[in-house]
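>>> Provided below for reference: sequence and predicted model.
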Amino acid sequence: MIMVPTTNISDLSPLTKQNISQIIDYLGVEFVLGATPEQLIKAFSEFNKNMVETGKSWNPPVSTVNGGAITGFRGNGIVTQDHQSLTDFGIMAFKGIAQEKAK
């Protein structure tokens, strides 16, 4: 099955939203909302790099976020094909979900 990236946050699955939400919890809602795109990309890349290098997510663990979740992000157009960086849609998704969490 070929995954077609979405361009609408509402089209993301509940699990994908949960995974993004858990990364936002780690990074901090205020950080995500106030970050420039470059800052958010850097923070996500560091999160992803740590997960790849250690084989696990952050301490305390981000429970459902693993390599499979990041691959799912790629299929949804949230990360680049090499999994290293957030796309423009990924930045929008992180900021949109952070806004929902801030309410």
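Looks like it arrived, so ask away.
>>> select the longest helix from the protein.
helix 37-54 (DSSP state H).
>>> mind checking how far the next helix or strand after that one is from the chain centre?
Helices and strands here follow DSSP states H and E; after helix 37-54, the next one along the chain is helix 67-75. Here helix 67-75 shows a centroid-to-chain-centroid distance of 9 Å under the convention CA atoms, centre = their mean, to the nearest Å.
>>> now do the buried residues in helix 67-75.
69-70, 72-74 (16 or more other CB atoms under 10 Å). For glycine as for every other residue, the C-beta is placed from the backbone atoms N, C-alpha and C.
>>> which of the helices or strands spans the spatially most central residue of the chain?
In the chain, the residue lying closest to the centroid (CA atoms, centre = their mean) is residue 20, at 4.4 Å. Following DSSP H and E, one finds residue 20 within helix 14-27.
>>> ok now the helix or strand just after that helix, how far from the chain's centre?
Using DSSP H and E, the helix or strand that follows helix 14-27 in sequence is helix 29-34. A distance of 13 Å separates the centroid of the chain from that of helix 29-34, by CA atoms, centre = their mean.
>>> who touches helix 29-34?
Contact partners of helix 29-34, identified using CB atoms under 8 Å, 6 or more residues apart in numbering, comprise 24, 39-40, 43, 94-95, 98-99, 101-102.
>>> may I ask which of these has the most neighbours?
Taking other CB atoms under 10 Å as the neighbour criterion, residue 94 ranks highest of the contacts of helix 29-34 with 26 neighbours.
>>> give me the phi and psi for residue 86.
Per-residue torsions, residue 86: phi -70, psi 140 (degrees, to the nearest 10).
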